[in-house]
Structure formats: C-alpha cells, structure tokens
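Engineer: Sequence and predicted model, in that order:
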Amino acid sequence: MIIKLYNENTNVRDVRRIADALRNGEVVVLPTDTLYAFACSMDHKRAVEEIAQLKGFKVKQAKYSMLCADLSMASEYVRSMDRDTFALLKRSLPGPFTFIMEAAGSVPRNYQNQNHTIGIRIPDCGITRAIIEELGSPLISTSVRPLDEEDGEVENYTDPELIHDRFGNRVWAVIDGGVADADPSTVVDCSDGIELIRQGKGKIEL
C-alpha cells in the first residue's frame with residue numbers, strides 16, 4: 001500500500017495509523033530529506049531483522065541509524081556529549097546529516113555498530129518527524145539502497161512508486177513524500193572527536 005503525505009499539511013489520521021502499525025511491529029518505508037528509508041520501532045527485534053533481509057545483509061552487518069524527532073529525544077539514547085559536539089548538532093539539525101555517537105545503555109546491542117555506536121538522524125522532513133512524534137520514540141532505520149541479488153551492486157531508489165513495485169509486498173506501507181534526493185546523508189563521526197566520514201547531501205562546518 002502507498003500512503004501519500006505532504007510536509008506542508010500532514011494528514012493527522014494517516015500519521016496515527018502509521019504510528020499504530022509501527023507499534024505493532026510493522027516495517028514501513030519513509031521519506032527523509034535524503035534517501036527513502038526502511039524503518040521500524042526499536043521495540044521490535046523481528047522487524048529489525050526483516051529490514052536486514054530487505055537490504056540483503058545479515059543482521060550484524062547492517063548499519064542502522066536512529067531517526068529522532070528532535071535533539072531532546074536523541075539525547076536519551078546517546079552518552080553525554082561535550083560542548084563542541086552539542087553545538088555542532090544543534091546548528092546542523094534537523095538536516096541531511098548522520099552523526100555517529102556512542103550509544104547509551106537504552107539502545108539494544110543488536111542495533112549498535114561493532115564499536116557500540118549508533119547513527120543519529122533528525123531529518124528535515126515534517127512527515128517523518130510527525131510520525132516519530134506520534135509514536136513517541138525513535139525509529140531504527142537504514143536507507144533503501146539494497147544489494148542486487150545477482151550482481152551485488154547497490155540499487156538506489158528515489159521514486160516511491162518504484163520502491164512500492166519492488167518492496168510493496170514485503171513492507172506494511174510505502175509513505176509517499178515525493179521523489180527523493182539521490183544523495184545520501186553526510187556522515188560525521190562524533191564518537192571520538194569529530195571527523196567527516198562521508199560527504200553526502202548538505203555542507204557542514206566542523
């Protein structure tokens with residue numbers, strides 16, 4: 001199923017319906033301010049495993065990000081940050097950035113990267129932030145860039161209709177927020193100092 005939503009006038013009824021599905025352990029595809037993303041509630045391990053299968057990875061190989069509504073929510077799931085890191089996040093978010101942070105004990109180990117970190121995203125996308133706010137907790141997510149089963153190449157989907165054609169029978173819904181940007185987020189590692197890992201969409205002053 002495809003659910004069409006708009007950043008300027010998000011349908012409250014649809015937002016509640018999507019949040020309820022996430023609470024029940026469903027996987028959805030959401031728009032962000034960069035690529036579309038597979039997403040599920042962090043309370044459902046099985047849904048996270050389903051996302052790994054959609055990406056073509058084993059669970060331990062997949063790199064997850066945590067989608068948050070705001071910095072206040074994000075701060076509950078990362079260890080305390082120094083003044084420079086906090087200032088960087090505050091001036092950059094919401095925006096097309098993923099900040100790798102040291103995960104707090106409230107983040108299940110299965111969702112953490114090997115060095116006990118987690119990517120934090122607060123996308124500049126009113127649709128997704130409204131859904132997270134209605135849910136009341138972050139979403140575990142990873143971009144819709146699966147490996148092709150035959151040649152191992154990464155497939156990049158920007159059109160929600162094409163995403164639905166490929167994955168519509170494997171997710172609860174594709175949330176159509178329009179054609180996505182083709183660039184991934186810019187990734188900054190803040191777990192031990194501040195280091196640019198990947199330049200994607202958006203410029204950032206470190």
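Structural biologist: Structure received. Numbering: from 1, shown residues only.
Engineer: residue ranges of the strands in the protein, please?
Structural biologist: 2-4, 28-30, 37-41, 65-67, 97-102, 117-121, 139-143, 173-176, 186-189, 195-198 (DSSP state E).
Engineer: With mean neighbour count, distance to residue 90 and mean pLDDT added, can I get these in a markdown table?
Structural biologist: For every residue, glycine as well, the C-beta is placed using N, CA and C. Converted to a markdown table, these look like this (neighbours: other C-beta atoms under 10 Å; distance: least, C-beta to C-beta, whole Å; pLDDT from 0 to 100):
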| stretch | mean neighbour count | distance to residue 90 | mean pLDDT |
| --- | --- | --- | --- |
| strand 2-4 | 15 | 32 | 94 |
| strand 28-30 | 25 | 24 | 97 |
| strand 37-41 | 26 | 23 | 95 |
| strand 65-67 | 26 | 17 | 92 |
| strand 97-102 | 24 | 11 | 92 |
| strand 117-121 | 25 | 13 | 89 |
| strand 139-143 | 24 | 21 | 92 |
| strand 173-176 | 23 | 28 | 96 |
| strand 186-189 | 20 | 14 | 93 |
| strand 195-198 | 12 | 18 | 91 |
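Engineer: among those strands, which is nearest residue 14?
Structural biologist: strand 2-4 (5.5 Å; C-beta to C-beta).
Engineer: Quick check: residue 198 vs residue 4, distance?
Structural biologist: Separation of residue 198 from residue 4 (C-beta to C-beta, to the nearest Å): 31 Å.
Engineer: Likewise for residue 176?
Structural biologist: As judged by C-beta to C-beta, residue 176 and residue 4 stand 5 Å apart.
Engineer: burial measure for the residue lying closest to residue 170 once chain neighbours are set aside, as a count.
Structural biologist: Spatial nearest neighbour of residue 170, excluding adjacent residues (C-beta to C-beta, 6 or more residues apart in numbering): residue 54 at 6.2 Å. Residues lying near residue 54 (other C-beta atoms under 10 Å) number 19.
Engineer: ok, residue 54 touching residue 39?
Structural biologist: No: using C-beta atoms under 8 Å as the test, residue 54 is too far from residue 39 to be in contact (11.0 Å).
Engineer: And residue 57, how close does it get to residue 121?
Structural biologist: For residue 57, the distance to residue 121 (C-beta to C-beta) stands at 19 Å.
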